[in-house]
Every structure is written in structure tokens, then in C-alpha cells.
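Asks: heads up, no residue letters with this:
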């Protein structure tokens, strides 16, 4: 069954700049949407009364963004996903991407991402990604024949950092994840990176082996380059990356429960980023590579191998994204 084309997406109520448009509040329609959202969020009767009460309270305290989000979920392809993933209904009430954004901006960001992802990647890949199966974007070989794969998928584990995730696997072991969202601002497409996570436990040796197999390219920088490649295919003009201070796990709700181990700010600076007025970092969507003849002579062969590996990755990602856009 084609879950994406069952229902037309809602296109009204939220503008691209994070403010709610004025709209006539229909009490009867809201009651219907809220009733649907409540059933999706709490399909089981074992859910505590306190949690149900908090959901009602948060809805009433953020009435317009909640109403818009519930209606969008109900009338878009996400209605079938919400039936299997109840937490999606409550996403508008929980931190997403940046702990400082308002509920209205959060609703805009969530809605905009899911609409834009479907518009760019098409029905087939949207189904695969939303189902958790993922889509393989590229497979490349390392220095001694090691295999690397980059996949695009969505998993509930990273639902607060962004709407979709890039995964890097080394010899069939997932070692790194970069989570981001797509945003439309006027006629422009933006990318917002909300998190980078590595394999649980002490994976320094695994990352060191992967770096060696990638001819000295750090795996996290390889994922950033893969994201830049996607950006080039969707005419993205800006990549905004979350700072450690603004990460959602720095919000009061998660501060005592979650630990941020990644040095986000250092990573974005290493990728050529600059701090913006929001306290996050903007990294360039394209970086010119230094000509080989400007490299130290004893390092040129290694840089040629790096360039060849990156070019193979880019070509495969180009093919996958363009293929999705044509489908």
C-alpha cells in the first residue's frame, strides 16, 4: 500500500519564517483533530493519567501550533506513521533541533521538513526512509579493501535532533550518525544539523581504523562531505549546525538524563564553520579543494587517493538523489 500518496498534505497555516498565520479557529474541527491525535498518542490504556494530563495541558498552552501540527499529521502521509509511532504526535511539545526555539517555530520546522523531504526524495524513498529500512546512498572501498556504506534513514532514536539521519557503516558495523532536517525559507532550501553521534562505548580504535582505511579522512568529516553533496543536489544555500550549548539535551528536560560527549563546536570549526547570531554554526555548503600541486610532494599520492574516494562517493550520491527526484 502506498502510504505517501493516500492523503494530500496540508499546506496552510504555517509560514516559512516560524510564525503562525492568522486563521479562523474552528472549535469543531479542532475537537476532531485533537481526538484523533489523543488516540494516536495513547493507543494503550496503560499509559499513566499524569502523562495524558500533560499532553492535554501542553496542547491547551500551545493551542495554535498544536492544532496545526495535529491537522497536518492527520491529513498527510504521516497519519499512518503516527499510528505506529505515537511519539510523533507529541513531537511539537518536545525540544527539536535547538532547545531555544519556540513551539510555533518547532511546528513549522517539523511540518516543513516532512513536506520538503517527500517533495525532494519522492514517494518510494520516503516510504523506505519512514519505515526505518533506509536507503543506501553509496558504497566505497577503503585503502585495503575495507567497505564503507552511507545510508539515509529515519529512526526514533534520533527523533529530537532532526527528521532524517545519515549513517556511516565500516565493514558492516554502524559507527557514526549525523541527523538533520530540511527547511524551506522563502524560495531557499536550508539544512539544519541537530546531532552527531558515534557508536556506543569506546569506539576510538574503530574510528582510528576507519580513518586509516579512508586515507586519513576522519569519518565525521566524510559524513559532512556526504551532507554537502546532498545539499548541492537540492540547491541548499545554507547548512546550520547545532552548537553544544544549544543542543536539545541541554534543555532543562534532559539535562540530568542525557550526556553530550561530542565536541560539536570544534567539529563545525574544523569543517569551516562560523558562529552565527543564534549561537549555532554555519558551515559552507561547498569547499574548494586545494590543488594537488600545492600539497607537499611526499603527500600528493595520498591526497590523490582521498580525492578519488570522495569523488566516487559524490557520484554515487548524485545518482541516488537525482534518481529519487526523477521517480
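Replies: On my side now, so go ahead. A quick note: this is a predicted structure, and the numbers were derived from the prediction, not measured. Numbering: from 1, shown residues only.
Asks: show me the contacts for residue 215.
Replies: Contacts here follow Cβ atoms under 8 Å, 6 or more residues apart in numbering; on that basis residue 215 touches 143, 302, 305-306, 309. In this view, the C-beta of every residue, glycine as well, is placed from N, C-alpha and C.
Asks: who does the residue most central in space within the chain bridge with?
Replies: The centroid of the chain falls nearest to residue 180 when counting by Cα atoms, centre = their mean (2.4 Å). With DSSP bridges as the criterion, residue 180 is bridged to residue 164, residue 193.
Asks: the one 4 residues further on now?
Replies: When bridges are taken as DSSP bridges, the partners of residue 184 come out as residue 189.
Asks: residue 112 is in contact with that one, correct?
Replies: Yes: counting by Cβ atoms under 8 Å, residue 184 touches residue 112, with 5.5 Å between them.
Asks: average pLDDT across the helix or strand hosting residue 111?
Replies: In the assignment (DSSP states H and E), residue 111 maps to helix 103-130. In this model, helix 103-130 has an average pLDDT of 91.
Asks: can you name the next helix or strand after that helix?
Replies: Counting by DSSP H and E, what follows helix 103-130 is strand 135-141.
Asks: give me the sheet partners of that next one and which way each runs.
Replies: Applying DSSP bridges, one finds strand 135-141 paired with strand 147-153 (antiparallel).
Asks: how about the partner strand: buried residues?
Replies: 148-153 (16 or more other Cβ atoms under 10 Å).
Asks: closest to residue 217 out of these?
Replies: Nearest to residue 217 among the buried residues of strand 147-153: residue 148, at 10.2 Å, using Cβ to Cβ.
Asks: state the distance from the closest one to residue 169.
Replies: From residue 148 over to residue 169 the distance is 7 Å, taken as Cβ to Cβ, to the nearest Å.
Asks: low-scoring stretches of the stretch 1-150 of the chain, by residue?
Replies: Applying pLDDT under 70 to the stretch 1-150 of the chain flags the ranges 1-25.
Asks: start from the N-terminal end of it and give the helices.
Replies: Under the criterion DSSP state H, counting those that start in this stretch, helices of the stretch 1-150 of the chain are mapped to 27-41, 49-61, 63-75, 78-84, 103-130.
Asks: then the stretch 201-327 of the chain?
Replies: 204-213, 219-233, 264-270, 300-326.
Asks: relative to residue 93, which of those is closest?
Replies: Residue 93 lies closest, by Cβ to Cβ, to one member of the helices of the stretch 201-327 of the chain: helix 264-270, at 24.7 Å.
Asks: next, the buried residues of the closest one.
Replies: Neighbour counts over helix 264-270 (16+ other Cβ under 10 Å) mark 264-265, 267-268 as buried.
Asks: show me where pLDDT drops low in the stretch 201-327 of the chain?
Replies: Within the stretch 201-327 of the chain, the stretches with pLDDT under 70 are 255-257, 259, 261, 322-327.
Asks: still on that earlier bit, dump the buried residues of strand 147-153 to JSON lines, plus distance to residue 159.
Replies: JSON lines is the format used below for the buried residues of strand 147-153 (distance: Cβ to Cβ, whole Å):
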{"residue": "148", "distance to residue 159": "26"}
{"residue": "149", "distance to residue 159": "23"}
{"residue": "150", "distance to residue 159": "20"}
{"residue": "151", "distance to residue 159": "17"}
{"residue": "152", "distance to residue 159": "15"}
{"residue": "153", "distance to residue 159": "12"}
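Asks: quick one: which of those is nearest residue 276?
Replies: Proximity of those to residue 276 (Cβ to Cβ) peaks at residue 152, which lies at 25.9 Å.
Asks: residues in contact with the closest one?
Replies: Neighbours of residue 152 in contact, by Cβ under 8 Å, 6+ apart: 125, 129, 134-135, 137, 164-167.
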